[in-house]
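Colleague: Build the 3D model from these lines:
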Amino acid sequence: MTFQEFADGFRRFDYNNPDFENMGSWPLGIKLVMLLLLASAIVFGFYWFAIKDSYAELERDTAREPNLKQEYQSKAFRVANLDSFKAQLAEMEESFGALLNQLPDETEMPGLLDDISTTGTQSGLEIDRITPNSDVVREFYIETPIAIQVRGTYHEMGTFVSAMSAIPRIVTLHDFSMNASSNRQGGGNTSADQESPLSMTINARTYRYNPGGAQ
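Modeller: You can find the predicted model right below:
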């Protein structure tokens, strides 16, 4: 077939009334055009219905790749250090249990007050008062303020404050107030001043676990 015959087929074809029932008689050029159109339609349909969504999913997964890599690295690190984390958790639980044991419950408060009184007496102080005040409820614990007033020398008070740390319960000391006793005489000698009678007020705080605090 010459090019002229191929072109004449396009001119002779009845575009207004194509005979679809006898497509075999169509000119070769028209057949080729229809074949190309059909192939293009098949390719476009395959892309639209089968590939387009896969491309969109691929783009989403590609965008997630950096976060997934970071998550994988984090999980791999945790897995590699799992035994170490377990050991740390066991140590924390043991420390937490030890701290809880140092928190007195309500029934142990009289014994704690006796310990404070004994510590003061053994330090050489005279105890004026040791008075528990109203509880202060915190999120995970209950705080009990204790007003302490004692009399003695500067060194005796230092001994008392230091010895308080040896009490087998958690007791913290706050708001020290120290005044000279009314019978103090003279001044100017620092060594003598330290041995003169003083009156000291301390606000102590002890703690106990609040079992309803985490609810």
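Colleague: quick one: stretch 61-77 to chain centroid distance?
Modeller: Mean C-alpha position of stretch 61-77 versus that of the full chain (C-alpha atoms, centre = their mean, to the nearest Å) differs by 21 Å.
Colleague: Pull out the buried residues from that stretch.
Modeller: By 16 or more other C-beta atoms under 10 Å, stretch 61-77 has no buried positions at all. For the C-beta atoms, the positions are set from N, CA and C on the backbone; glycine is no exception.
Colleague: Please apply the same query to stretch 116-124.
Modeller: Ile116, Thr119, Gly120, Ser123.
Colleague: do stretch 153-169 as well
Modeller: Of the residues in stretch 153-169, Thr153, Tyr154, Glu156, Met157, Thr159, Phe160, Met164, Ile167, Arg169 count as buried by neighbour count, 16+ other C-beta under 10 Å.
Colleague: if I look at the third one, how far off is Asn22?
Modeller: Same thing as Glu156. Per C-beta to C-beta, to the nearest Å, Glu156 is found 125 Å from Asn22.
Colleague: Heading C-terminal from the lowest-mean-pLDDT helix or strand in the chain, find the next helix or strand.
Modeller: Ranked by mean pLDDT, DSSP states H and E, the helix or strand of the chain with the weakest confidence is helix 190-194, at a mean of 49. The element immediately downstream of helix 190-194 (helix or strand, assigned by DSSP states H and E) is strand 198-209.
Colleague: Which other helices and strands does that following strand contact?
Modeller: Counting contacts by 3 or more C-beta pairs under 8 Å, 6 or more residues apart in numbering; DSSP states H and E, strand 198-209 packs against helix 109-122, strand 141-152, helix 154-163, strand 171-180.
Colleague: from the buried residues of stretch 116-124, which is closest to Asn133?
Modeller: Of all the buried residues of stretch 116-124, Asn133 sits closest to Ile116, with 14.0 Å by C-beta to C-beta.
Colleague: Next one, pLDDT for Thr121 please.
Modeller: Per-residue confidence (pLDDT) for Thr121: 94.
Colleague: what separates Tyr47 from Glu143, distance-wise?
Modeller: 71 Å.
Colleague: Neighbour count: these two, which is higher?
Modeller: Regarding Tyr47 and Glu143, a neighbour count based on other C-beta atoms under 10 Å identifies Glu143 as having more, with 15 against 12.
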